[in-house]
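**Q** generate coordinates for the sequence data below:
(2 chains)
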Amino acid sequence: MTKKLEAEELKDLENMAYQIRRLSLEMICYGQWGHPGGSFSMAEILAVLYFHTMNIKPDKIAWESRDRLILSKAHGSPALYAALALRGYFPIEKLYTYCELDGILEGHTDMKRTPGLESSGGPLGMGLSVAAGICLGLRMKEEPRARVFCIMGDGEVNEGNIWEAAMAAAHYHLDNLIAILDYNKVMAKGMVNQLMGIEPLADKWSAFGWEVIEVDGHDIEELVNALYQARWIKPHGAPIVIIAHTVKGKGIETAEFNYKWHTQAPDPQTTDAMLRELSRRYKKPEEGYSRICEPVRKETFYGGE
Amino acid sequence: MAENKLAEKIEMREAFGNAMVEVGRQFPQVVVLDADLNTSSKIVYFKKAFPDRFFQVGIAEQNLFGIAAGLALTGFIPFPSTFAVFASRRALDQVAISICYPKLNVKIPGSYVGLPTSRAGASHNCIEDIAIMRVLPNMRVADPGDNQDLRAIIHTAILTDGPVYFRITRLTVDDIFDADHQFEWGKGRLLKRGYDVTLFGTGMMTSLCLRAADLLAQDGIDAEVIHLASIKPIDRELISDSVARTGCAVTAENASVVGGFGCAVLEVLAETVPVPLLRIGVQDCWVDSGGIDELFTYHKMQPVDIAAAARQVVGMKRPFQISRSG
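**A** All right, here's what the predicted structure looks like:
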């Protein structure tokens, strides 16, 4: 049983992934700090979650039966902020308060500050436990429809806390938990398989009692279908992990699979070129940095790693 | 509380287990998580009374606090229960970022604090938790003076918005308070009025301060005794007012003197009424295995040691302060 998308829906979701990339990059350039690589690799994942899969009401943030998203790899915050703004949790202009003292968007996620965030994070390895706790709470509150999605990084599964949570989620039969592993193959300072290998990854999750689905994390139809399976077909007492094979920095050639763009803020000129490259890749009218940022551009650039 | 009328003396951890059952009845949103220590911490009483609201997470403290954060996010009031050493050291990052940063409603009981853990040795004799928990923004910290104080702290903690850390010793401690005792954040208790020196106690050390005051009275030194269960926030007014009269102070804590309760009092006095002050507690060393009484003697934390510190600090008072204290 699969979930088919209308051509129009597919086009919309592709456009959202494109917008998430653009806005992330503009935010990082404007804030002069941030993580483009891990933001770009999960652009399609966030587009599908926020514009197709998740049952949410941006005008009623605390709706009890809503689906929740926990971003365990909280350094991917620019992409999440872009998705939240596009979905209507706050005005797009607020994206340019990213990393500002009086802004609403922290470098790493702060749920007290940003409408639509479900948790605070930063240190890796913590999100899956929080997600599991929410799943337990939802079960006690008898909210059978709500799902908790948790996006993890690949290097993040080096953390012991992830496997503590994995063990507990299976023990408590949390089939309302859907983890998505953004397997972009690159960590902060090099390739995953060179720094600390995590393979055989699917076998590890299976051995921990999880239902495993593997997809191309940039293929929107595959993602839609996997998330449909995870919500409606797979749940039978085991938590579900979708291993999404992705490309770190996807969308900008120099950043792809390049750890140097894990934490790196490009200067405005580079950003402009990158945004133009993105438009060409997605067959959109060519647009550069000036579109939204020009009025708020800062005088000095002190960015970088 | 009916059970307490017949009050034979029980260990503080027993009182903890009993109080948790009491609040479990009263507050349906209270849930408990345990990392395989429930019969030691005595949270097992809650497990027996409310099996559906008790979650075993196994020996996984990072996960213990992460899951607690998730439960708090769905409106429950979780008590993730483990030994104080693991709460403060093993899972500090989770406590800090998953719980304190978003100010989640998680109440953390730190069991087996300080010297009375005794024979388990340095890894388990928790002396650093006050300092560690105190430094976290949004966290409130309390160390109860007796079983009634503990019970009152748990009640207040449940009615307080945000994270709370409170300490529980395994020992049977002297009774100080009555059954109608109430606990309020940032409020200390004047237990004995005096004019020569103030003894500030927290946790089980307050009852040792009271005994020290009796010893000092035999020498004609009139010691004031103040109990500060609320370490953060701390009662700045009571501390500075008392010391403005007595002119010197001794602090006593069942923990390291580095960064802990004594330092919290010192911070207040440095900013208000700077006076000579000596700190009783573990002097920046590990607490190795030993008998309980033996350890209190070795670390100079007995009533005689508090009294000796008081005599010494009275001698350090500046002349104008001595004249004021008469």
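**Q** tell me the SS of residue B:88?
**A** helix (DSSP: H, G, I helix; E, B strand; the rest coil).
**Q** isn't it right next to residue B:128, touching?
**A** Yes: the criterion here is CB atoms under 8 Å, and residue B:88 meets it with residue B:128 at 6.2 Å. All C-beta atoms are positioned from the backbone trio N, CA, C, and that covers glycine.
**Q** secondary structure element holding residue A:13?
**A** Using DSSP states H and E, residue A:13 falls within helix A:7-31.
**Q** who's in contact with the closest residue to chain B within the stretch 51-200 of chain A?
**A** Closest to chain B within the stretch 51-200 of chain A is residue A:133: 1.9 Å, counting by CB to the nearest CB. By CB atoms under 8 Å, 6 or more residues apart in numbering or on different chains, the contact list for residue A:133 reads B:66, B:67, B:68, B:69, B:70, B:71, B:72, B:73, B:74, B:78.
**Q** how is chain B carved up into domains?
**A** Annotated domains of chain B cover B:2-168, B:189-325 [automatic domain parsing].
**Q** quick one: low-confidence ranges for the chain?
**A** In the absence of a named chain, this looks at chain A. For chain A, the stretches with pLDDT under 70 are A:1, A:290-305.
**Q** oops, chain B please
**A** When residues are selected by pLDDT under 70, those of chain B lie in B:1-7, B:319-326.
**Q** 80 instead?
**A** Applying pLDDT under 80 to chain B flags residues B:1-8, B:318-326.
**Q** once you drop chain neighbours, what's closest to the residue sitting nearest the centre point of it?
**A** Centroid-nearest residue in chain B, with CA atoms, centre = their mean: residue B:143, separated by 1.5 Å. Take residue B:143 and drop its neighbours on the chain: the residue closest to it by CB to CB, 6 or more residues apart in numbering or on different chains is residue B:203, 3.4 Å away.
**Q** residue B:86 now?
**A** Excluding its sequence neighbours, the residue lying closest to residue B:86 (CB to CB, 6+ apart) is residue B:61, at 4.6 Å.
**Q** do residue B:9 as well
**A** Of all residues not flanking residue B:9 in the chain, residue B:172 sits nearest, at 5.1 Å (CB to CB, 6+ apart).
**Q** residues contacting the one you found?
**A** B:9, B:10, B:11, B:12.
**Q** quick one: the first one is in a helix?
**A** No: following the definition three-state DSSP, residue B:9 is coil and is not counted among the residues of a helix.
**Q** residue B:191 contacts residue B:226, doesn't it?
**A** Yes: taking contacts as CB under 8 Å, residue B:191 lies within contact range of residue B:226: 6.7 Å.
**Q** ok, these two, which is more surrounded?
**A** Between residue B:191 and residue B:226, residue B:226 has the larger neighbour count (other CB atoms under 10 Å in any protein chain shown), namely 27 against 19.
**Q** distance from whichever helix or strand that one is part of to the middle of the chain?
**A** Using DSSP H and E, residue B:226 maps to strand B:223-227. Strand B:223-227 sits 16 Å away from the centroid of its parent chain (CA atoms, centre = their mean, to the nearest Å).
**Q** repeat for stretch A:128-138
**A** 18 Å.
**Q** cool, and stretch B:48-62?
**A** 24 Å.
**Q** buried set for that stretch?
**A** B:49, B:50, B:53, B:54, B:55, B:57, B:60, B:61, B:62 (16 or more other CB atoms under 10 Å in any protein chain shown).
**Q** I appreciate the help and will end here.
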